[in-house]
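**Q** Take this sequence and fold it.
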Amino acid sequence: MMEKPERGAEGHVILLVDDEENILTALLRLLRKENYRILTALSGEQGLKLLKETEVQLVVSDQRMPGMSGIELLRAIRKESPDTIRIMLTGYSDLKVAEEAINKGEVYRFLTKPWNDEDLKAAIRQGLECYDLEEKNKELLELTRRLNEELKELNQNLEQLVEEKTRKLKESQEQLIQSEKMAALGLLVGGVAHEINNPLAGILGLTQLLLKEGRPDPSIYQDLKDIEALALKCKSIVEGLLSFSRQQSTEARKEWEIGQVIKRTLSIFEHQASLQGVKIIPELSSDLPSVSINFNQIQQVLLNLLTNACQAMPEGGELKIATRCQMSDGRYNKTPKTKNLGVRGKVAKNSHESSDSCPPERAKGSQSNFVEIIVSDTGQGIPPENLGKIFDPFFTTKEEGEGIGLGLAVSYGIIQEHNGSIRAESEPGKGTSFTISLPASRESPEKRLD
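**A** Here you go, the predicted structure:
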């Protein structure tokens, strides 16, 4: 077996197979000036072995050889390397075999012995051009496939983006409708509440005066007590209406770290939760940017959500309250680590506090960051048909006497006043989750412990 070294970095690899060395020598001399890397083999078996070791673009083989014949070799090459171009050299007596091989696609072309040098060189060039064309076609097909996959992925991403934008637009429209409805109703309710408040105060004052002047006649004492109780109930409703209308006086807003607001709220709520068998699980993020809020109003919102959550779990359950920072690009930044939060009562021991929740430079430099509070329970959940109504004034599913349906409406108004948002997610039988989003302050967090 003889081998001619590679003549060029881009030369094709050609395998010459013939059992006669003088034929191989003649072929090497013929192709010596071509930019090919040429391998030679003295038998079909040797040629097949070389083909398995080296990538070959074209094979020129004699037909009549001891052992494996040329057609058998080229047939095996077709199975082993179907893209390799196959040329057969044959005598006149083997023309029928060569023609059948071409018809079956086993041979690209055959030439008779003795061959014409120029014809053989032309056949080799054309065969290699055919090989290169097929390879280029494969590359183009693969490129087309990849581009189609990328286009398909882009279309899917576009569809998702359109769906997301449509959903956000719908949410914004619903929030606008809700805000307009709340504003109009607030004006009406505020006026009515003020009109009722004055005569109600007179009724309550006179009733309490009569009760203090000495024990009245037993026949009217119970009536006075009933009047007082009903007047106090009406007073509570009027105060709720005034709170909803936002016409009562409010204290100025200050910078607060939201975790401190939550801890203070839990300190006055934990006993009630403990009595109802509810386990509170705080997961508060540290190093959050501060928020500019009215402490009493935000505490009122939190107490309302916590109370509703406990009422949704009459047999006890878990109440989780967590905080996180939403970045301007919609991402959340949170790295949990265990820490004792120092909240008394029935609080989960393995509560978590996360660090690096919101990079200070981003929080200080952009008002588009939000601090979020998530209040989740494992209660009964809210039916889908009611989920869109829970922030409507006077909508309630509680038993008569347990609520008038203003708690969430008032909470919605408070959060709106703080330029934030509040949303609910629920699945019947699995629980409900409320998410409050408040704009992060440009100022650095100020931990208020007073």
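
**Q** Next, residue 60: phi, psi?
**A** Residue 60 adopts backbone torsions of phi -110, psi 120, taken as degrees, to the nearest 10.

**Q** What pLDDT is listed against the nearest residue to it once chain neighbours are set aside?
**A** Residue nearest to residue 60 in three dimensions, not counting chain neighbours: residue 87, with 4.8 Å by CB to CB, 6 or more residues apart in numbering. Heads up, the C-betas are built off the backbone N, CA and C, glycines and all. Note on residue 87: pLDDT of 90.

**Q** which SS class is residue 87?
**A** strand (DSSP: H, G, I helix; E, B strand; the rest coil).

**Q** switch to numbering from 789
**A** OK, 789 is where the count begins now, so the last one is residue 875.

**Q** hey, where'd the helices end up in the stretch 1039-1188 of the chain?
**A** Taking DSSP state H, counting those that start in this stretch as the test, the helices found in the stretch 1039-1188 of the chain are 1046-1063, 1083-1099, 1148-1153, 1172-1175.

**Q** Quick check: residue 1107 touching residue 1097?
**A** Yes. At 5.1 Å, residue 1107 counts as touching residue 1097 under the criterion of CB atoms under 8 Å.

**Q** what touches both of the two?
**A** Shared contacts of residue 1107 and residue 1097, defined by CB atoms under 8 Å, 6 or more residues apart in numbering, comprise 1066, 1163-1165.

**Q** Narrow these to just the buried residues.
**A** Neighbour counting with 16 or more other CB atoms under 10 Å marks 1066, 1163-1165 as buried within these.

**Q** Can you tell me which of the shared contacts of residue 1107 and residue 1097 is nearest residue 924?
**A** When the shared contacts of residue 1107 and residue 1097 are compared for distance to residue 924 (CB to CB), residue 1164 wins out at 59.2 Å.

**Q** and the closest one, what are its bridge partners?
**A** Listed by DSSP bridges, the beta-bridge partners for residue 1164 are residue 1108, residue 1221.

**Q** Next up, the contacts around it.
**A** With CB under 8 Å, 6+ apart, residue 1164 has these contacts: 1097, 1107-1110, 1219-1222.

**Q** name the helices or strands packed onto the longest helix seen in the chain?
**A** Criterion DSSP state H: the longest helix present in the chain is helix 905-1000. Secondary-structure packing of helix 905-1000 (3 or more CB pairs under 8 Å, 6 or more residues apart in numbering; DSSP states H and E): strand 800-805, helix 809-818, strand 846-850, strand 873-878, strand 897-900, helix 1006-1033, helix 1195-1205.

**Q** Those: which one's closest to residue 1158?
**A** Among these, helix 1195-1205 sits nearest to residue 1158 (CB to CB), with 11.6 Å.

**Q** In that closest one, which residues are buried?
**A** Under the neighbour-count criterion of 16+ other CB under 10 Å, helix 1195-1205 has 1195-1204 buried.

**Q** okay, these in a markdown table with distance to residue 845 and pLDDT next?
**A** Formatted as a markdown table, the buried residues of helix 1195-1205 follow (distance: CB to CB, whole Å; pLDDT from 0 to 100):
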| residue | distance to residue 845 | pLDDT |
| --- | --- | --- |
| 1195 | 80 | 78 |
| 1196 | 76 | 85 |
| 1197 | 79 | 82 |
| 1198 | 81 | 82 |
| 1199 | 76 | 86 |
| 1200 | 74 | 87 |
| 1201 | 78 | 83 |
| 1202 | 78 | 86 |
| 1203 | 72 | 90 |
| 1204 | 74 | 86 |
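
**Q** which one among those gets closest to residue 1042?
**A** residue 1202 (15.4 Å).

**Q** what about the closest residue to that closest one other than its chain neighbours, neighbour count?
**A** Leaving aside its chain neighbours, residue 1202 sits nearest to residue 1085 (4.7 Å; criterion: CB to CB, 6+ apart). Using other CB atoms under 10 Å, residue 1085 has 21 neighbouring residues.

**Q** Surely residue 1085 and residue 1204 touch.
**A** No. Between residue 1085 and residue 1204 there is no contact under CB under 8 Å: 11.2 Å.

**Q** need the contact list for residue 952.
**A** Contacts of residue 952 (CB under 8 Å, 6+ apart): none.

**Q** and it, what pLDDT?
**A** Per the predicted model, pLDDT is 86 at residue 952.

**Q** Quickly note the distance from it to residue 1200.
**A** Using CB to CB, to the nearest Å, residue 952 is found at 24 Å from residue 1200.

**Q** try residue 908
**A** Distance of residue 908 to residue 1200, given as CB to CB: 89 Å.

**Q** Could you tell me which residues make contact with residue 1210?
**A** 1089, 1179, 1199-1200, 1203, 1222-1225.

**Q** if we can go back for a sec, let's have the helices and strands packed on helix 905-1000 in TSV, adding distance to residue 934.
**A** Shown next, in TSV, are these (distance: least, CB to CB, whole Å):
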stretch	distance to residue 934
strand 800-805	26
helix 809-818	41
strand 846-850	29
strand 873-878	27
strand 897-900	34
helix 1006-1033	59
helix 1195-1205	48
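
**Q** Who are the contact partners of the residue nearest to residue 848?
**A** Neighbouring residues of residue 875 by CB under 8 Å, 6+ apart: 846-849, 895-899, 911-912, 915.

**Q** from the contacts of residue 1210, which two are the most distant?
**A** Farthest apart among the contacts of residue 1210 by CB to CB are 1179 and 1225. That separation is 14.6 Å.

**Q** quick one: pLDDT of residue 1096?
**A** 88.

**Q** Contact partners for the closest residue in space to it that isn't next to it in sequence?
**A** Nearest non-adjacent residue to residue 1096, counting by CB to CB, 6+ apart: residue 1195, 6.9 Å away. The contact partners of residue 1195, by CB under 8 Å, 6+ apart, come to 1092, 1095-1096.

**Q** any idea which of those has the most stuff around it?
**A** Busiest of those [other CB under 10 Å] is residue 1096, holding 20 neighbours.

**Q** how close does that one sit to residue 1168?
**A** 11 Å.

**Q** Repeat that for residue 1012.
**A** 40 Å.

**Q** And residue 1089, by the same measure?
**A** Distance from residue 1089 to residue 1168, by CB to CB: 21 Å.

**Q** what mean pLDDT does the host helix or strand of residue 888 have?
**A** Under the criterion of DSSP states H and E, residue 888 resides in helix 883-891. Averaged over helix 883-891, pLDDT sits at 68.

**Q** and if you look at stretch 1159-1173?
**A** The model assigns stretch 1159-1173 a mean pLDDT of 91.

**Q** Give me the buried positions along it.
**A** For stretch 1159-1173, the neighbour count (16+ other CB under 10 Å) marks 1159-1170 as buried.

**Q** want to try a markdown table for the residues you listed, with distance to residue 991 as columns?
**A** Shown next, in a markdown table, are these (distance: CB to CB, whole Å):
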| residue | distance to residue 991 |
| --- | --- |
| 1159 | 44 |
| 1160 | 44 |
| 1161 | 40 |
| 1162 | 43 |
| 1163 | 38 |
| 1164 | 43 |
| 1165 | 39 |
| 1166 | 44 |
| 1167 | 39 |
| 1168 | 39 |
| 1169 | 41 |
| 1170 | 37 |
